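> What follows is a predicted structure for the sequence shown.
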Amino acid sequence: MKNRKLISVLFISSILLACTKEVTQVFEGFQKPSNFPDPVYKFENNRITKSGFELGRKLFFDPILSADNTISCGSCHIPTSAFTQHGHSVSHGINDLLGTRNSPPIMNLAWSNSFRWDGGIVDLDLFPIDPITTHEEMGETMSNVLLKLQKSASYKAQFNAAFGSEEITNIKMLKALSQYMLMCVSAASKYDSVMRNQQKFTTVESQGYVIFQNKCNACHKEPLFTDNSFRNNGLQPSEINDQGRAMITLASSDKYKFKVPSLRNLGFTAPYMHDGRFLNLEAVLEHYNSQVAPTPNLDPILTNGTTKGIPLTKEERVQLIAFLATLDDRNFITNPLIAEQ
Amino acid sequence: MKKTIFIFSFIAITAFSCKKDVAEQYNSNANAPLSIEFDNVVGGSNLQLNTGTYSNAKNETFNITMLRYFISNIVLTKMDGSKYTVPQDSSYFLIDESKPATLSPKINVPEGEYSKIDFILGVDSLRNTKDLTQRTGVLDPTGDAAGMYWSWNSGYIFFKMEGGSAASTQVNKIFQYHIGLFGGYATATLNNLKNISLDLTTRGVAKVKTGKSPNVHLLVDVLKMFNGATNVSIASNSVVMASPYSATVANNYQYMFQHDHTEN
C-alpha cells in the first residue's frame, strides 16, 4: 500500500516535471485560437516546423534582405509596435526613401485572403517579393538575396535543418518567412479572455462593446475585427491621390477603396489609416463623426440620408476607446518566441 | 513506241514510288522533337536590339532595347484533326530576344504530321494562382521570371517591350510596354491572355519523326504591337502597364505571329 502511494506520487510528479519541460522546449506550431474561425492559408503547401519557423524569424530580422544591408522586414514591422513602424505615417526604406502607405501589422495573417492595403497580393508566400524588390523599401533583387544567403554557413545549416538540404532557394526562403509570419497570432487580449469566459469587461468597456457592435462591427467583424473587404471610408484624398483598390482591379468602382484593417492592437500601432494621417484614436473617431467626405464610392454604410459618417457623442467615444483598448494584446508584443532574437 | 511506253512506265513508277516515300510511316506511340522558332522582326526588317531603327504607323522613329514574352499551353493538331496537348509543365516558354537559346523552344510530341499549332501568349490564369512550388523554371518570380512578374499585383507580365524614341514624353525618352493581367483572383479584372492559332498547311506542315529535327519557323512582327486596329502612339502612350489601355496594345500584338515555313 505504502509502495503504491509512493509510486503514484512519483508518477504524478514525473508528469508535472514533464509538463514544465514541455512549456519551454516543445514547439507547438500553429494553433488556432478557440474563438477564431478556420484559417484560410493553405498549410498543406507549407507545414510549419520549429526549424522552418526559426529560419523565417532569422530572415525576417536580417537586413541582408535589402540592397544596402540596412533594412530588414522587422525595420518597418517592429514586434513591440505589433509589427508596425510606430510613429511613421508611411514606411521608411533604404536611403531614407519613403513609401506612400502605412506599414500594416504582421498579425493573424493565416486568416487573410489578400495582402497590402489594396489587396494586390493574394498568397502570403508571394508577399515578401514585393517589399524586397520595391525601390523605396528594400530595393534589392531576389537573385542577389539568394547569393548573399548562399555565402553564409549559418544559413546553410538552418536551411538544411528546415528543409533537409543545404541548397538555398528562394522558394524555401519564402516558405520559411511565411512560417514565421503565420506564427504571429494575436489572440490573447482582454477581449479574447472575456470571449473565453476567463475575464469580464468593466462597465465602461461593456458600454463600448455595445457601441462597437452597433456602429463598427459591420466592417470590423469579430473576432478578427476585419471582414477582409475593401471600402472607401470617406477620407479626403491626399495630394498623391492614392487610388487604392482600383490600382489592382482597374475598376472605377474600386477607386479610393482600401482594405478594412483589423482593430486589434490599436494601442501599439498609431498612426492610423492607409497613409497614417491620424495620430490618435480620438482623431479617427472624429473623422467618422464629422469628417467623412462624399468621395466616389463612399461606403453605403457611411451614408444615412444626407448625413455622412457615424455619429458618436463624446461619452460614446470614451466608452468605445475603452473597449478598443481591450483588443491590445501585450502577450503578443512581448512574446519571446516571435521577438527578434 | 514500245520504248516510249517503257520510259513512261518507268517515270510513272518512279514518280509513284517517290510519292510513296513522301507518305512516311509514323509511330504515334513514339515521341520525337519539334522546335518552334520565334523569329522576331520589325515589319520587313530583322529585329536588332539597341542598334536597329524602325518607325511605326504614327511616323515615330524608335529602337528596341528589350523584348520578352511568354508562350504557354501549346496544342498541336494533326491532318486528321486529332489534337496533342503538350504536358502543361513542359509547355511554358519565355522568349527573350537577348537570349538566342530561348528563341527556338523544343517540345516532344508523338510522331505525325501536324497542320495546326495553338498556344497562349501569356501565362494562363490557373497557373497565376498556383503555389510557389509550381512556379519553377521560367515561371519562378524570384528567378527567371523576375521582371516578368508584378510583385505588387500578383501576376505575370505576358509581353514586355522597351526601347527609346524621340517621340517619348518620358524624361529619358524611353517607352515601356509591360502587358499582363489574367482576369483577376476574387474580383474579375481585365484579361489580356491571347489564344494564338496558326495554320501550317499553306506554308508547310510539320513532319515529326524520330531521327529528324523539324522546325516550325514563325515570323513575329512586333511592329504589329504599334500598328493595328488602333495605332499605338509612343507620344500619347509612352508607358503602358497595368491600365485599361493595355487591352488596346494586347489586341494589336495578338496578330504578330505568322507561319513562314517549316524545315522538315
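Sure thing, it's come through. Just so it is clear, the structure is predicted and the values come from calculations on it, not from any experiment.
> switch to C-alpha atoms for all contacts and neighbour counts from now on
Will do.
> Tell me the helix or strand right after whichever strand in chain B runs longest.
Ordering each strand of chain B by length in residues (DSSP state E) puts strand B:61-78 first. Using DSSP states H and E, the helix or strand that follows strand B:61-78 in sequence is strand B:83-85.
> Could you find the closest non-adjacent residue to the residue in chain B that chain A sits nearest to?
Closest residue of chain B to chain A, CA to the nearest CA: B:Asn153 (4.3 Å). Excluding the flanking residues, the one nearest B:Asn153 by CA to CA, 6 or more residues apart in numbering or on different chains is A:Gly120, at 4.3 Å.
> The one you found contacts A:Gly244, correct?
No - counting by CA atoms under 8 Å, A:Gly120 sits too far from A:Gly244 to count as a contact (9.7 Å).
> pLDDT score assigned to the residue nearest to B:Asn153?
On the pLDDT scale, A:Gly120 is placed at 95.
> cool, and A:Pro104?
As predicted, A:Pro104 sits at a pLDDT of 94.
> go on, B:Thr187?
Note for B:Thr187: predicted pLDDT of 80.
> A:Leu250 too?
As predicted, A:Leu250 sits at a pLDDT of 94.
> Count the neighbours of it for me.
17 (other CA atoms under 10 Å in any protein chain shown).
> Which stretches in chain A count as strands?
Taking DSSP E as the criterion, chain A carries its strands at A:230-231, A:258-259, A:303-304, A:307-308.
> which residues of the chain score low on pLDDT?
No chain was given, so I picked chain A. A:1-25 (pLDDT under 70).
> hmm, I had chain B in mind actually
B:1-23.
> Mind doing that once more with 80?
Applying pLDDT under 80 to chain B flags residues B:1-24, B:186.
> Which positions in the stretch 201-341 of chain A make contact with chain B?
With CA under 8 Å from any CA of the partner chain as the criterion, the stretch 201-341 of chain A meets chain B at residues A:Met247, A:Ile248, A:Thr249, A:Leu250, A:Ala251.
> who in the stretch 151-264 of chain B is up against chain A?
The stretch 151-264 of chain B has residues B:151-154, B:184-185, B:187-190, B:242-244 near chain A, with proximity defined as CA under 8 Å from any CA.
> Take those and keep only those in helices.
Secondary structure assignment by DSSP state H places none of those in helices.
> Name only those of these that count as buried.
Among those, those buried by neighbour count (16 or more other CA atoms under 10 Å in any protein chain shown) are B:Ser151, B:Trp152, B:Asn153, B:Ser154, B:Gly184, B:Tyr185, B:Thr189, B:Leu190, B:Ala242, B:Ser243.
> From A:Leu126, how far out is the second one?
When CA to CA, to the nearest Å is applied, the distance between B:Trp152 and A:Leu126 equals 9 Å.
> try the last one
Taking CA to CA as the measure, B:Ser243 and A:Leu126 are separated by 22 Å.
> do the same with the third one
In this structure, B:Asn153 and A:Leu126 are 10 Å apart, going by CA to CA.
> quick revisit: can you count the residues close to the residue nearest to B:Asn153?
24.
> repeat for B:Lys99
Based on other CA under 10 Å, the number of other residues close to B:Lys99 is 10.
> do the one 5 residues further on as well
Other residues near B:Ser104 number 19, with proximity taken as other CA under 10 Å.
> What is the distance between stretch B:94-113 and the centre of its chain?
Remark: stretch B:94-113 is offset 9 Å from the chain centroid, using CA atoms, centre = their mean, to the nearest Å.
> Just the C-alphas of it, formatted as PDB.
Extracted C-alpha coordinates of stretch B:94-113, given in PDB (Å, rounded to 0.1, in the frame of the first residue of the first chain):
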ATOM      1  CA  LEU B  94       9.900  32.700 -72.000                       C
ATOM      2  CA  ILE B  95      11.100  34.100 -75.400                       C
ATOM      3  CA  ASP B  96      13.800  36.700 -74.800                       C
ATOM      4  CA  GLU B  97      15.400  38.400 -77.800                       C
ATOM      5  CA  SER B  98      18.600  39.000 -75.900                       C
ATOM      6  CA  LYS B  99      19.000  35.200 -75.200                       C
ATOM      7  CA  PRO B 100      19.200  33.300 -78.600                       C
ATOM      8  CA  ALA B 101      18.800  30.000 -76.800                       C
ATOM      9  CA  THR B 102      15.300  30.900 -75.800                       C
ATOM     10  CA  LEU B 103      14.100  31.700 -79.300                       C
ATOM     11  CA  SER B 104      13.500  28.100 -80.500                       C
ATOM     12  CA  PRO B 105      11.800  26.200 -77.700                       C
ATOM     13  CA  LYS B 106      11.800  22.400 -78.200                       C
ATOM     14  CA  ILE B 107       8.900  20.200 -77.300                       C
ATOM     15  CA  ASN B 108       8.400  16.400 -77.600                       C
ATOM     16  CA  VAL B 109       5.300  15.300 -79.400                       C
ATOM     17  CA  PRO B 110       4.100  12.000 -80.900                       C
ATOM     18  CA  GLU B 111       5.300  11.300 -84.400                       C
ATOM     19  CA  GLY B 112       3.000  12.500 -87.200                       C
ATOM     20  CA  GLU B 113       2.200  15.400 -89.500                       C
END
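> Give me the residues contacting it.
For stretch B:94-113, the surrounding residues in contact (CA atoms under 8 Å, 6 or more residues apart in numbering or on different chains) are B:26-40, B:49, B:66-71, B:78-79, B:84, B:86, B:90-91, B:93, B:138, B:205-210.
> how does it look with 6 Å?
Residues from elsewhere that reach stretch B:94-113 (CA atoms under 6 Å, 6 or more residues apart in numbering or on different chains): B:26-28, B:30-38, B:67-70, B:78, B:206-209.
> still on that earlier bit, which one of the strands of chain A is the most hemmed in?
Mean neighbours per residue, mean count of other CA atoms under 10 Å in any protein chain shown, is largest over those for strand A:258-259, with a mean of 23.
> helices and strands around that one, which ones?
Judged by 3 or more CA pairs under 6 Å, 6 or more residues apart in numbering or on different chains; DSSP states H and E, the packing partners of strand A:258-259 are strand A:230-231.
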